[in-house]
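Novice: predicted coordinates and the sequence they were generated for:
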Amino acid sequence: MKVLTPELLNKIGNTPLIELRSFSSNRVRILAKLEWFNPFGSVKDRAAYWMFKDAEGKGLIARGKHVIIEPTSGNTGIALTGIARLLGYEVEIVIPEKASEETKNILRSLGANLYETSDDLCPRVGVGTDQSISLAKAIARARPDKYYMPNQYENDANFLAHYEGTGPEIWMQTNGMVTHFVAGVGTGGTITGVGLYLKERSKAIRVIAVQPQRQHLIQGLRNFEESNVPALFERRAGVVDEWYTITNEESFKMVKELYERERLLVGPSSGCVMAAACKVKDRLESVAEDGDGRGEKIIVVVFADNGRKFRSLYAQQGVFSDEEFDDALRNAVMLGESFF
Ligand SMILES: Cc1ncc(COP(=O)(O)O)c(C=O)c1O
């Protein structure tokens, strides 16, 4: 493991945007924003850092005094814990049991205390991450002098991280040529922050949200038919033009395809989002063939994390055997250098 140094905070954001050439055509290009280049390995470094800056700026937390508690299926926890260690805070994370063992081990090794929620815990509040939310809220409410819950599901700093960071980066990296933005929805911070920023630059840009099927296995994303819609998303839900729902099977098939065609080892949510982007591309090409498609289309997708944490899930789902996974770790390109 590398050493935690304060300079890591300066490395949040400004992630690469690369073209997925084997998926692009001369009419429609697909570009991916590789968010695992953030120091703690995912898109969530942005939201976590913005939420810390916001809370410190408002005097809501003090170093050495407050404990940060947050419900998360993994990436926000990893980002909050890493950043908290750098800034001098302790962290407690409430995480659904079904999050990957690798994720839980990373959290423990970064020094977080974990509470795991199962489907039997707090059954009244719904399924999946909703149980973690109520447990974290209950703990924070009991000791307001000690605990601070950033609450990524309601905190506008999460939206602002993307409105002020990811969105402008995508606009600049495409020289304002982006025509479609495709992202998964967990809290809704990414899709609303980037979506709103891009639409303010150009009204014609289409914003496409992706959700996994009900009872999905896609860590970090939510299916809104089975779990609560976060307030953060609801506030700006109008920015979304279209929704795609992607199955577990489609997501995992695309994880494998991205490795075989592009040598990228991505996390499950990237497979899910990419499966939707390919459907958007197919549709755009059929319109172009009908003669009413004008000009080159540029689809930008967000790849939230890489595949490193998902060895056990990929083995269990038949995506990569242990041996194939080791090969992929050796041969993948652009795997980045996140902290763990
Ligand atoms: C792997 C992964 N993909 C996508 C997302 C969705 O991001 P957001 O919470 O900004 O909607 C998350 C968020 O936790 C995530 O962990």
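Specialist: Arrived safely.
Novice: is it correct that Leu198 is in contact with Trp171?
Specialist: Yes. The pair Leu198 and Trp171 qualifies as a contact (Cβ atoms under 8 Å) at a distance of 6.4 Å. No exception for glycine: its C-beta is placed from N, CA and C like everyone else's.
Novice: which one of these two has more residues nearby?
Specialist: Applying other Cβ atoms under 10 Å to Leu198 and Trp171 shows that Leu198 carries more neighbours, namely 28 against 20.
Novice: and the pLDDT for the residue of the stretch 201-340 of the chain found nearest the ligand?
Specialist: Nearest residue of the stretch 201-340 of the chain to the ligand (Cβ to the nearest ligand atom) works out as Gly220 at 2.4 Å. pLDDT for Gly220: 90.
Novice: quick one, what contacts it?
Specialist: 42, 73-75, 184, 186, 267, 269, 304-305 (Cβ atoms under 8 Å, 6 or more residues apart in numbering).
Novice: what strand or helix carries it?
Specialist: Counting by DSSP states H and E, there is no helix or strand that carries Gly220.
Novice: need the phi and psi values for it.
Specialist: phi 100, psi -20 (degrees, to the nearest 10).
Novice: okay, and the common contacts of Leu198 and Trp171?
Specialist: Joint contacts of Leu198 and Trp171 (Cβ under 8 Å, 6+ apart) are Val178.
Novice: and the helices in the stretch 1-150 of the chain?
Specialist: Here the stretch 1-150 of the chain has its helices, by DSSP state H, counting those that start in this stretch, at 44-57, 75-87, 101-109, 129-142.
Novice: wait, which of those helices is closest to the ligand?
Specialist: Short answer: helix 75-87, nearest of the helices of the stretch 1-150 of the chain by Cβ to the nearest ligand atom, at 3.6 Å.
Novice: ok now the closest one, how far from the chain's centre?
Specialist: From the chain centre to the centre of helix 75-87 is a distance of 15 Å (Cα atoms, centre = their mean, to the nearest Å).
Novice: one more: stretch 214-227?
Specialist: With Cα atoms, centre = their mean, you get 13 Å for stretch 214-227.
Novice: and the end-to-end length of that stretch?
Specialist: 9 Å (Cα to Cα, to the nearest Å).
Novice: pull out the buried residues from that stretch.
Specialist: For stretch 214-227, the neighbour count (16 or more other Cβ atoms under 10 Å) marks 216-224, 227 as buried.
Novice: equivalent analysis for stretch 159-170, please.
Specialist: Of the residues in stretch 159-170, those buried (16+ other Cβ under 10 Å) are 159-170.
Novice: the stretch 201-340 of the chain: strands as residue ranges?
Specialist: Per DSSP state E, counting those that start in this stretch, the stretch 201-340 of the chain carries strands over the ranges 206-212, 242-246, 297-303.
Novice: reformat these as a markdown table; add mean neighbour count and distance to the ligand.
Specialist: Output for the strands of the stretch 201-340 of the chain, formatted as a markdown table (neighbours: other Cβ atoms under 10 Å; distance: least, Cβ to the nearest ligand atom, whole Å):
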| stretch | mean neighbour count | distance to the ligand |
| --- | --- | --- |
| strand 206-212 | 24 | 9 |
| strand 242-246 | 17 | 13 |
| strand 297-303 | 25 | 7 |
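Novice: kindly reformat those as a markdown table containing mean pLDDT.
Specialist: Formatted as a markdown table, these follow (pLDDT from 0 to 100):
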| stretch | mean pLDDT |
| --- | --- |
| strand 206-212 | 98 |
| strand 242-246 | 98 |
| strand 297-303 | 98 |
